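Q: Can you look at this prediction? I've put the sequence above it.
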Amino acid sequence: MITYSILSNKGKRKINEDYTGVVELPGRFVFLLADGLGGHGNGDYASRFVVEHIRQLLLENPETSMEKCIQDSQDRLIEEQKRLKAENSMKTTITVLEVCEKSARFLHVGDSRVYYFRKNKYISRSLDHSVPQMLCMSGRIREKDIRGHEDRSKLIKVMGMVWNAPKYDVSETFNIGKKDAFLLCSDGFWELVEEKTMSKLLKKAVTPEEWLSAMEREVLRNGEGTNMDNYSAIAVMI
């Protein structure tokens, strides 16, 4: 049995450029979260466009692979940029969690994350397509230094940037079982709540709603007095 809850808030910004979606198919759940790039003016349009295009593809043909969905939505987004003469804007991240009965995998472009927990313990996450993540992987900064890094907003891969080859990352498909949990979230969320806290609050929660509400309180507490970014998350429990 899969249960989930969704949260999306504009924070202290004028508009919410995050967008979420869920597609329930026979034997398959697809969770989607996108974060439009705020500095480009059409971020809210781009995030909604990509998520809704993927949803439509899956509803029209439930057998469509996620790889095809991402590539097709990327191609259509580029076309939409040209149609609206917005080639330098309309960019977004996309993060996907695909759960098929007893297995799962995730795909992503950008720095919106998917976290995986097993028996209330943090196991792994998607790796950001950002400058600080690359610095961390090369050993120049520590994992904990990614949060709050001066180049945190500099992304090296996004939807809406011209691709010469697929830019999305795909995790291995792995088996899932009871008490597994996932968290999809935009950077406005994960920057303000650490993995240890996510795990601690997960252990206390009975439902995805409880887990998400507890994490939101942490986000709001840590973001108090700042110009908080949009923050969105989808909590999923098996």
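A: Here it is on my side, so go on.

Q: And the next helix or strand past the lowest-mean-pLDDT helix or strand in the chain?
A: When the helices and strands of the chain are scored by mean pLDDT, DSSP states H and E, helix 131-137 comes last with a mean of 89. Towards the C-terminus, the helix or strand next in line after helix 131-137, according to DSSP states H and E, is strand 169-170.

Q: Who are the packing partners of the helix or strand following that next one?
A: Later in the chain than strand 169-170, the nearest helix or strand by DSSP H and E is strand 174-175. With contacts defined as 3 or more C-beta pairs under 8 Å, 6 or more residues apart in numbering; DSSP states H and E, strand 174-175 has these neighbours: strand 103-109. The C-beta positions use only the backbone N, C-alpha and C, and glycine is treated the same way.

Q: average pLDDT for the strand it packs on?
A: Averaged across strand 103-109, pLDDT comes to 98.

Q: from the chain's centre, how far out does whatever helix or strand comes next after that strand sit?
A: Going down the chain from strand 103-109, the next helix or strand is strand 113-118, by DSSP H and E. Relative to its parent chain, strand 113-118 has a centroid offset of 11 Å by C-alpha atoms, centre = their mean, to the nearest Å.

Q: and for the least confident helix or strand of the chain, what are the contacting residues?
A: Under the contact criterion C-beta atoms under 8 Å, 6 or more residues apart in numbering, helix 131-137 has outside partners 111, 127, 141-143, 145-146, 149, 151-152, 154-156.

Q: Derive a PyMOL selection command for the buried subset of those.
A: Remark: buried members of these, expressed as a PyMOL selection using 16 or more other C-beta atoms under 10 Å:
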select buried, resi 111+146+149+152+155
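
Q: List the buried residues in stretch 95-110.
A: Using 16+ other C-beta under 10 Å as the test for burial, stretch 95-110 gives T95, V96, L97, E98, V99, A104, R105, F106, L107, H108, V109, G110.

Q: And that stretch, how far out from the chain middle?
A: Distance, centroid of stretch 95-110 to centroid of chain: 11 Å (C-alpha atoms, centre = their mean).

Q: pLDDT score for S138?
A: For S138, the predicted pLDDT is 91.

Q: swap in the one 3 residues further on?
A: Reported pLDDT at I141 in the predicted model: 90.

Q: what comes up buried for the least confident helix or strand of the chain?
A: Those would be V131, P132, Q133, M134, L135, C136, for helix 131-137 by 16+ other C-beta under 10 Å.

Q: now, which of those sits nearest E24?
A: Distance to E24 across those (C-beta to C-beta) is lowest for Q133, with 31.5 Å.

Q: That closest one and V96: what is the separation?
A: 18 Å (C-beta to C-beta, to the nearest Å).

Q: Repeat that for V114.
A: In terms of C-beta to C-beta, V114 sits 8 Å off from V96.

Q: Can you pull the poorly scored residue ranges out of this protein?
A: The chain contains residues with pLDDT under 70 at 39-40.

Q: mind listing the helices for the protein?
A: Remark: helices assigned in the chain by DSSP state H are 43-60, 66-83, 131-137, 187-190, 195-204, 208-223.
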